[in-house]
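Q: Dropping a prediction and its sequence here:
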Amino acid sequence: MADPKDPLAPASRALWLTRAGMVAERVARALWLPLSLALIAATLWAFDLHTRLPGDAALWVAGAFGLAMLVTLALGLWRFRWPSRAEAMARLDRTLTGRPLAALTDTQALGATDPASAALWQAHRARMQAQAAKARAVRPDPQLARRDPYAVRLVALTAAAVAVLFAVPGQQGPLAGMPGAAGAAIGPSWEGWIVPPAYTGRPGLYLNEIDRESFEVPQGSRVVLRFYGPPGALTLEQSLADGVQADETGQALEFDARRSGEIAIEGPNGRRWDVAVAADMLPEILPMGPMERARGGVAELPFTASDDYGVLRGEAVITLDLEAIDRRYGLSVDPEARAPLLLALPMPMSGDRMSLTETLREDLSQHPWANLPVQVVLRAVDAAGQAGESPAEAAILPGRRFFEPAAKALIELRRDVLWNAVNGRRAAMLMRAMLHRSEGAFHYENAPVLIRGAVNFIETRLDAGTFTPEARDDLAQRLWDLALLMEEGELANARDRLQRARDRLAEAMERGADPSEIQDLMDELREATRDYMAMLAEQAPDAEDPQADQRDQGERQEGERVSQSQIQEMMDAIQQAMEEGRMEDAAEMMAQLNALLDNLQMTRGEGGEPMPGGEAMEGLGDTLGEQQGLADETFEQLQEQFGQGGQPQDGQPQQGQQQGQQQQGQQGEAGKDDEQAMRELAERQRELRERLRQQQLGDLPGEGTDEGEAGLQALEEANRAMDQAAESLEQGDMRGALQRQAEALDALREGLREFRDAMDADRRERAGSEGDPDQAQAQGSGRDPLGREMGPSAQSGDFGSVVPGEDPRERARELMDEIRRRQAERERPEAERDYLNRLIEPY
């Protein structure tokens, strides 16, 4: 009973319970480890482990356990401290508002003789006593999890429970007399399980609970049986596998179900089942079309794969098709042996893989077999290790195409050296021929120096006998880099930086990178995009006549009109979505940005140069310009939808139901306007497609030639892409429409190049047949760096002279380039950039 004079009497019961809990805490902390060791030792004894150990090992184990228990017990008792009343009071007081227990044990230090001060002190004590009366005992918290990170105490308790329930009957020592389920196992009994392979997703079966006489399991399921009782009392008969794995006692049996049959347990309480084993089918994989060359020479191969339990992985096996290769020039010698090219097929990161459709995309431009005939076999592997293959398909391994003659020649020599190292001497000789009287023959000024360096590289190593495969690969990389510089100049480096920044950002978004890393990668993408656009503006190709300049105006300004402000706005929207955690929206906008950046192809040989020709060529040029304008309008429509966003604009919060209804009405009207705009764009796209169809039926150059057939095939691809773009617009899929429109633009440019090559070939043939050498020279019957006849316009390199003096059109182009460069600099004031943008918009 509490002392009424005790100031802590109102909380005496709670204080006593709290102190008792502290005692329990400290006892548990002191004894948990020796008790755990004791339980583990008792479990080992109950399972008769001491009789199974050889020699004196049982004594050593028992001694080790005994010593460990004594040491841990001594340490625990040495550390044990009985909790004082003050410690219990402090713990309980921390759970109360205002620390009333501490206040009740205090005395008035000042003003004790003052009646007013004494009355105030008594009122304070009365409030504290009321608070103390609300005290509740603090629960004990031994914090064993922190002291036992490996959960030894839980292992000991579990082991002891298992010993009580399942220790061998008659061999548990003192535990044999304890009640439990162990006694039920004294007579012969059995247990059985069937565990299907994990990849099937099927649940396991407990044979003791299966009452039906037959059932089905997947192939490869693991059958596990345990017999209890005297050895030999129970036996197994099975026809599902060729052999059974058993332990030394013969009481534990395991085998895999490989074929249909029966399982029979002979003996007391025996059972018999007919088991149907469902075969695991081979995975199937097929290409959905031929391997094609996409933008930038990237190989694309759509495929479909299926398996009854899901495809684990897949690969494309590509081998060289020697019989289909034109074995001339550098390819006349036998190729060096190379292992088949293995490409991992893309698989969905999540979801069902029982049936999938994907597209393999790989840039194989630098592979030695690029642009050569190959055989492609697709292989799919399931989780059981079974592989299914598609029939071999003949294809041309896609690679990047070069149009600048010198670059094209270097790539051909690079291929010959990689084909066989014996072509090294021939390649050096031909590169020396390229340097003969080569003043002004190369667009890239440093090309002669680098070519001469490649010649010295080859000849020095051939003479020294050190032209090893490593040296040859180093040479191949040098020739590739030089060809890119000759084809595109510094624009190639800018595009590589842009592609690298895009790939790194996309990879970081997929793996959910840290926000700071995302910010750094976004800044890198902004800088790479700005440099790329500036390089586009600086290297925009020039037209040689006003009519061609006007005809290609829309195409040459492709980067300036779309990319300056709108690309930055889309990047801002992507960054905002990632900061808000809307990663799916950010990924979708990133895909749209990639489609737009892929469409910015203004380099030489990709549609930026003038396209002379007859009336049919002019009509195709007009179609190209209108298709570019339609793509720009589609992108602007997409930007308008991003501006709406379906959410209130910043600085305009919703105020009241009436305003919310008004905004919903405005959004509904905007949605209707968007649908109307999409229908109009789709209608215009179909009209443009029909015009292209009529132009295909017209009089196009190069009929019957390889160039003419290639041009017609390119126009057919553009026609198909336009039709798909119209369907995407009708369905409201602007992202898909932009991608299809970009493909149509690429195909149109490709067709125009092929038809222009065909026209130049016709001019040279007519000039040669008329026997007029002057005319032949006027038509451009010069020779390329390898000595093959060519025309300057045929390979988009004009080596002719220009009239001396200042050209007004040249000066105008220089001014426009300078305006574009300044407008692309993000650090300039926004007002200045808007002004510069207005200057170039009419052009």
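A: Noted; the coordinates are in hand.
Q: all contacts plus neighbour counts: C-alpha atoms, from now on.
A: OK.
Q: ok, which stretches of the stretch 701-843 of the chain are strands?
A: For the stretch 701-843 of the chain, applying DSSP state E, counting those that start in this stretch gives strands covering 782-783, 789-790.
Q: Once you drop chain neighbours, what's closest to V152?
A: Closest residue to V152 apart from its sequence neighbours, by CA to CA, 6 or more residues apart in numbering: S36 at 6.9 Å.
Q: Next SSE downstream of the helix or strand harbouring that neighbour?
A: Using DSSP states H and E, S36 sits within helix 12-46. Downstream of helix 12-46, the first helix or strand assigned by DSSP H and E is helix 57-79.
Q: contact partners of stretch 350-369?
A: Outside stretch 350-369, the residues within contact range by CA atoms under 8 Å, 6 or more residues apart in numbering are 297-312, 320, 345-347, 370, 397-400, 415, 418-419, 480.
Q: which residues sit in contact with the residue nearest to V152?
A: Contact analysis of S36 by CA under 8 Å, 6+ apart lists 152-153, 156-157.
Q: Could you rerun that using 10 Å?
A: Shown in contact with S36 (CA atoms under 10 Å, 6 or more residues apart in numbering): 42, 69, 152-157, 159-160.
Q: would you list these in CSV and tack on neighbour count and distance to A339?
A: Listed next are these as CSV, based on neighbours: other CA atoms under 10 Å; distance: CA to CA, whole Å:
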residue, neighbour count, distance to A339
A42, 20, 62
M69, 19, 64
V152, 16, 54
R153, 21, 57
L154, 12, 55
V155, 14, 53
A156, 21, 57
L157, 16, 58
A159, 19, 56
A160, 22, 59
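Q: for the stretch 651-800 of the chain, what are the low-confidence residue spans?
A: Along the stretch 651-800 of the chain, the model assigns pLDDT under 70 to residues 651-672, 704, 763-800.
Q: circling back: what angle do the helix holding S36 and helix 57-79 make?
A: Relative orientation of helix 12-46 versus helix 57-79 (axes from the mean of the first three to the mean of the last three CA atoms, to 10 degrees): 170 degrees.
Q: buried residues in helix 12-46?
A: Applying a neighbour-count criterion of 16 or more other CA atoms under 10 Å, one finds 12-15, 17-23, 25-46 buried in helix 12-46.
Q: That helix - what's its average pLDDT?
A: Averaging pLDDT along helix 12-46 yields 86.
Q: Kindly spell out which helices and strands sit in contact with the helix or strand D531 falls within.
A: Using DSSP H and E, D531 maps to helix 515-538. Helices and strands touching helix 515-538, by 3 or more CA pairs under 10 Å, 6 or more residues apart in numbering; DSSP states H and E, are helix 491-510, helix 558-579, helix 583-598, helix 808-823.
Q: Which among those helices is found nearest to Q694?
A: helix 558-579 (25.9 Å; CA to CA).
Q: from memory L410 sits against L485, does it?
A: No. In this structure, L410 is not within contact of L485 by CA atoms under 10 Å, at 11.5 Å.
Q: which one of those two has more residues nearby?
A: With neighbours defined as other CA atoms under 10 Å, L410 and L485 compare such that L410 has more, 25 against 20.
Q: Please consider this matter closed, and thank you.
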